[in-house]
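In: need coordinates for the following:
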Amino acid sequence: MEKCENPLKESVKESGKLRQFLATIIINQLALSYGIVIGWPSPSAQLLQSPSSPVGNPMTDNGISWLTATLCLSGTITAVLTSVIPDKFSRKRLGYILVVPIIIAWMLIMFATEHMYIYVSRALSGINGAATFFIVPNYVSEISCDSIRGMLASIVILSVNCGILVAYILGGIMSFRALPVVIIALILFYLITFVFIPESPFYLVRRNRTHEAIRALKWLKAGNSLEAERTLSHIQLQIKETASVKSAKFSDLIRDKATIKGFIIVMGLFIGQQLCGIFAMISNTEMIFKMSGSSLSPNMSSIIVAVIQIFGSWLATLLVERAGRRPLILLSCAGMCVCHCMIGVFYYLQNLQYEVSAYSWIPVVALSAYMILFALGMGNGPIVVMSEIFSRDITSLASAISISVSWASAFVMTKTFTDIINLLGVHGCFFLLAAFCVCNFLFCFMLLPETKGRLREDIVDELNGVRCTNKNEIKHIIGSNSVHAAHV
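Out: Numbering: from 1, shown residues only. Below is the predicted model of the structure:
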């Protein structure tokens with residue numbers, strides 16, 4: 001099938017990439033703070049389970065599992081509710097509002113005297129995390145050029161991984177009560193810098209605030225008025241095409257072939273992301289290394305893995321626009337399967353009483369490789385594809401449901417991780433995760449299209465099976481409409 005190209009891509013030059021990158025970094029401080037939330041249980045669990053626990057009686061294993069499970073459960077509920085947020089409220093206003101629950105969450109930990117304080121804190125953090133993973137990709141998608149859209153979208157995972165590293169390091173050197181103070185200071189720094197980035201031009205155009213949209217675009221285009229005007233015309237055309245469409249309903253998810261196929265692809269990616277075990281493994285990193293008998297301390301091993309994970313995320317931001325989404329996701333699934341098998345074989349031999357102490361480095365190396373491979377594809381991939389594959393009018397609803405399913409999957413995996421280990425053994429658990437990675441690979445190989453460097457309209461056309469037989473004629477028609485819109 002011949003790919004249908006949108007000539008608007010040719011008519012809108014791309015500049016101001018540095019400013020778009022800066023705006024992306026600033027808003028992704030929300031993702032950084034959420035990464036700290038994800039990583040916090042790993043260094044804190046041992047302290048909370050010790051006789052000298054700073055909060056009430058020592059926590060049980062079940063209580064520790066609820067630290068992450070509560071986060072995922074509240075995230076599941078919040079993700080569904082976010083479907084009505086982005087098109088009704090300013091992105092910047094939401095960026096300010098998200099500061100409230102996360103600050104309250106860390107203050108609850110700071111002053112906690114009972115376990116319930118911590119669980120409420122984790123629930124609030126889940127609300128913040130779910131909203132962050134919905135709002136940040138939407139904002140970044142709406143301010144970025146097509147040529148760097150994938151790279152900027154992938155920064156959210158890099159930021160989360162940086163936050164996890166911060167949690168591992170600070171959790172190992174700071175007291176239980178002092179850590180929240182530092183994190184709240186980081187959040188306040190985000191609040192200050194967030195003032196200086198513009199509102200989403202798509203939101204402003206939808207609200208008929210054209211002059212403000214021009215100002216925002218001039219900032220994003222490094223002051224180039226001509227490019228700002230051209231981009232405004234492009235946005236107005238896109239919004240005009242969907243102006244007669246009412247707010248998306250659940251029935252719209254099955255309205256055409258492109259939406260159905262896109263929804264299945266994104267749902268599969270997010271479920272597969274959790275079935276590969278990432279959330280459970282990050283939350284239980286220290287436990288995994290402790291069981292391996294590694295000479296490194298569990299906390300140090302966790303820090304090493306987190307650093308390597310950041311390297312993988314950084315590498316992904318460089319490769320996502322070069323190698324493409326599909327090859328990286330397929331490589332990620334295949335590589336993670338191999339890593340799970342390596343860890344599974346190690347623990348299987350350990351379970352058979354073989355002397356494996358000389359090879360205790362294998363879980364560290366395999367888990368480190370796993371983190372790099374996850375970051376390369378399945379870490380960034382679902383979010384990047386989600387931001388590109390749907391028509392704009394259905395993106396909010398479809399993304400909210402997909403993310404909600406991802407949170408629900410994370411809840412199930414996290415809450416049952418130790419139960420699976422008890423049932424199948426550590427080796428059986430990792431072999432099961434390897435099998436899930438194989439399923440992910442087959443799913444993506446059969447259904448996932450390449451979206452690199454393509455306009456949203458082109459991708460939707462491909463999913464709908466549209467063929468362009470007279471490309472020059474279509475370019476002439478759309479080009480004429482673009483020129484006409486620019487003069488209106």
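In: number of nearby residues for Ser297?
Out: 13 (other Cβ atoms under 10 Å). Where you see a C-beta, it was placed from the backbone N, CA and C, and this is true even at glycine.
In: in this protein, which helix is the longest?
Out: The longest helix of the chain (DSSP state H) is helix 392-447.
In: quick one, strands of this structure?
Out: Under the criterion DSSP state E, the chain carries no strands.
In: let me see the contact set for Ile383.
Out: Phe133, Pro137, Ala153, Ser154, Val156, Ile157 (Cβ atoms under 8 Å, 6 or more residues apart in numbering).
In: got a markdown table for these, with neighbour count too?
Out: Below are the contacts of Ile383 laid out as a markdown table (neighbours: other Cβ atoms under 10 Å):
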| residue | neighbour count |
| --- | --- |
| Phe133 | 26 |
| Pro137 | 25 |
| Ala153 | 26 |
| Ser154 | 30 |
| Val156 | 28 |
| Ile157 | 28 |
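In: which among these gets closest to Ile192?
Out: Proximity of the contacts of Ile383 to Ile192 (Cβ to Cβ) peaks at Val156, which lies at 20.6 Å.
In: from Ile362, how far out is the closest one?
Out: 31 Å (Cβ to Cβ, to the nearest Å).
In: what does Pro43 give?
Out: Pro43 is 23 Å from Ile362, by Cβ to Cβ.
In: okay, the two: which has more neighbours?
Out: Counted by other Cβ under 10 Å, Pro43 and Ile362 do not tie: Pro43 has more neighbours, with 24 against 18.
In: now do that one, the pLDDT please.
Out: Here the pLDDT value assigned to Pro43 is 84.
In: dump the residue contacts of it.
Out: Listed by Cβ under 8 Å, 6+ apart, the contact set of Pro43 reads Ala167, Tyr168, Gly171, Gly172, Glu286, Asn299, Ser302.
In: Arg456 versus Ala258, what's the distance?
Out: Counting by Cβ to Cβ, the gap from Ala258 to Arg456 is 11 Å.
In: please enumerate the shared neighbours of those two.
Out: Ser391.
In: wait, Gly63 touches His115, no?
Out: Yes. If you go by Cβ atoms under 8 Å, Gly63 and His115 touch, sitting 6.4 Å apart.
In: give me the domain ranges for the chain.
Out: 17-197, 250-478 (the TED database).
In: lowest mean pLDDT across those domains, which one is that?
Out: When I compare these, domain 250-478 is least confident, with a mean of 82.
In: what's the distance between Tyr190 and Met281?
Out: Taking Cβ to Cβ, one finds Tyr190 at 27 Å from Met281.
In: of the two, which one has the most company?
Out: Using other Cβ under 10 Å as the criterion, Tyr190 and Met281 rank with Met281 on top: 23 against 19.
In: now the helices for the stretch 151-300 of the chain?
Out: Listed in chain order, the helices of the stretch 151-300 of the chain (DSSP state H, counting those that start in this stretch) span 178-194, 201-206, 210-220, 225-241, 257-275, 278-283, 285-292, 298-319.
In: of those, which approaches Lys17 most closely?
Out: Here helix 210-220 is closest among the helices of the stretch 151-300 of the chain (Cβ to Cβ), at 9.4 Å.
In: how far out from the middle of the chain is the closest one?
Out: Centroid separation between helix 210-220 and its chain, computed with Cα atoms, centre = their mean, to the nearest Å, is 27 Å.
In: what's the angle from that helix to helix 225-241?
Out: For helix 210-220 against helix 225-241, the angle by axes from the mean of the first three to the mean of the last three Cα atoms, to 10 degrees is 130 degrees.
In: end to end on stretch 200-217, go ahead and measure it.
Out: 9 Å (Cα to Cα, to the nearest Å).
In: name the residues that touch it?
Out: 86-87, 90-91, 138-139, 142-143, 198-199, 220, 227-229, 231-232, 235-236, 239, 392.
In: if we go to 6 Å?
Out: With contacts defined as Cβ atoms under 6 Å, 6 or more residues apart in numbering, stretch 200-217 is touched by Arg91, Tyr139, Glu142, Pro198, Glu199, Ala228, Thr231, Leu232, Ile235, Ile239.
In: can you put these in a markdown table and add neighbour count?
Out: Rendered in a markdown table, the data for these read as follows (neighbours: other Cβ under 10 Å):
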| residue | neighbour count |
| --- | --- |
| Arg91 | 22 |
| Tyr139 | 25 |
| Glu142 | 20 |
| Pro198 | 19 |
| Glu199 | 22 |
| Ala228 | 23 |
| Thr231 | 26 |
| Leu232 | 22 |
| Ile235 | 20 |
| Ile239 | 14 |
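In: and the residues you listed as CSV, adding distance to Leu22?
Out: Output for the contacts of stretch 200-217, formatted as CSV (distance: Cβ to Cβ, whole Å):
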residue, distance to Leu22
Arg91, 16
Tyr139, 13
Glu142, 16
Pro198, 11
Glu199, 15
Ala228, 17
Thr231, 18
Leu232, 21
Ile235, 21
Ile239, 26
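In: for those, which one is nearest Thr24?
Out: Tyr139 (8.4 Å).
In: separation between the closest one and Ala398?
Out: On the measure of Cβ to Cβ, Tyr139 and Ala398 end up 17 Å apart.
In: how about Leu204?
Out: 23 Å.
In: for Leu373, same thing?
Out: In terms of Cβ to Cβ, Leu373 sits 27 Å off from Ala398.
In: neighbour count winner among these two?
Out: Leu373 (25 against 22).
In: residue contacts, that one?
Out: Contacts for Leu373 (Cβ under 6 Å, 6+ apart) come out as Ser332, Gly335, Met336.
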